[in-house]
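Asks: coords please:
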Amino acid sequence: MLLDAMKNSELKKGDYHPFYEPYIATLGDVELIEILKRQLDNFPLFISSIPEDKLHYAYSAGKWTIAEVLVHVLDTERVFQYRALRFARNDKTPLPGFDQDMFVVESNAESFTKEELIENYRAIRKSTIALFEKLSDETLKRVGIASDAKMSVAALGFICCGHQRHHRNILREKYLKD
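Replies: Numbering: from 1, shown residues only. Presented below is the predicted three-dimensional model:
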């Protein structure tokens, strides 16, 4: 049976490293496919609302620009989606972490327009939805090892959503508060 109504409150201890708890907590109690789809509609609106002259702004020396934060959100969803695919297919190979700072340096984020960021986001999120929509209850509960920690397939989906919301909140509070 395919499951499209799993809630993050159904995640169990050991489904993810405690580091990710704040991301999941930002979501409230939500269904996975519903939040994936809701964000597909509303995150592009958020990106569109960013003033063009702020796209390459960093609120402090050494901090990422808004464009770098947004590309980081895209890259992280790609990595977590890949992890979910591997674990969903019952691959028991432990997966390494990734250096988010190196990814940002190598991302060429400053060359992205808002339209390109939105287009990339929509493509990535639609792919994430397509993956998770077809996973059974049993598959969503599968656990693999990533970055030396246990992660369930379902947790990876919720973390994608929570990570996006976390960074949207940071952008609002530290970059766009004027």
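Asks: Tell me which residues touch residue 88, please.
Replies: Shown in contact with residue 88 (Cβ atoms under 8 Å, 6 or more residues apart in numbering): 131, 135, 139-140, 142, 153. (Each C-beta comes from the backbone N, C-alpha and C, glycine too.)
Asks: nearest spatial neighbour of residue 78, skipping sequence neighbours?
Replies: Nearest residue to residue 78 in three dimensions, chain neighbours excluded: residue 124, at 6.1 Å (Cβ to Cβ, 6 or more residues apart in numbering).
Asks: per-residue confidence for that neighbour?
Replies: Residue 124 is assigned a pLDDT of 98 by the prediction.
Asks: That one is in what secondary structure piece?
Replies: helix 114-133 (DSSP states H and E).
Asks: cool, and residue 104?
Replies: Assigned by DSSP H and E, residue 104 falls within helix 100-105.
Asks: Show me what that helix is packed up against.
Replies: Counting contacts by 3 or more Cβ pairs under 8 Å, 6 or more residues apart in numbering; DSSP states H and E, helix 100-105 is packed against helix 66-88.
Asks: got the buried residues for the helix it packs on?
Replies: Neighbour-count burial for helix 66-88, counted by 16 or more other Cβ atoms under 10 Å, picks out 66-81, 83-88.
Asks: likewise stretch 52-65?
Replies: 55, 59, 64-65.
Asks: Show me how far that stretch is from its chain's centre.
Replies: Centroid displacement of stretch 52-65 relative to its chain, using Cα atoms, centre = their mean, to the nearest Å, is 21 Å.
Asks: List of residues touching the helix holding residue 104?
Replies: With Cβ under 8 Å, 6+ apart as the test, helix 100-105 has contacts from 64, 68, 71-72, 75-76.
Asks: Could you dump those residues into JSON lines and include distance to residue 41?
Replies: Below are these laid out as JSON lines (distance: Cβ to Cβ, whole Å):
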{"residue": "64", "distance to residue 41": "25"}
{"residue": "68", "distance to residue 41": "24"}
{"residue": "71", "distance to residue 41": "21"}
{"residue": "72", "distance to residue 41": "21"}
{"residue": "75", "distance to residue 41": "22"}
{"residue": "76", "distance to residue 41": "20"}
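Asks: Can you tell me which of these is closest to residue 22?
Replies: The closest of the contacts of helix 100-105 to residue 22 turns out to be residue 76 (Cβ to Cβ; 14.6 Å).
Asks: quick one: which helix or strand includes residue 151?
Replies: Going by DSSP H and E, residue 151 is part of strand 149-152.
Asks: same check, this time on residue 138
Replies: Using DSSP H and E, residue 138 falls in helix 137-140.
Asks: counting contacts, what elements does that helix pack onto?
Replies: Contacting helix 137-140 under the criterion 3+ Cβ pairs under 8 Å, 6+ apart are the following elements: helix 153-170.
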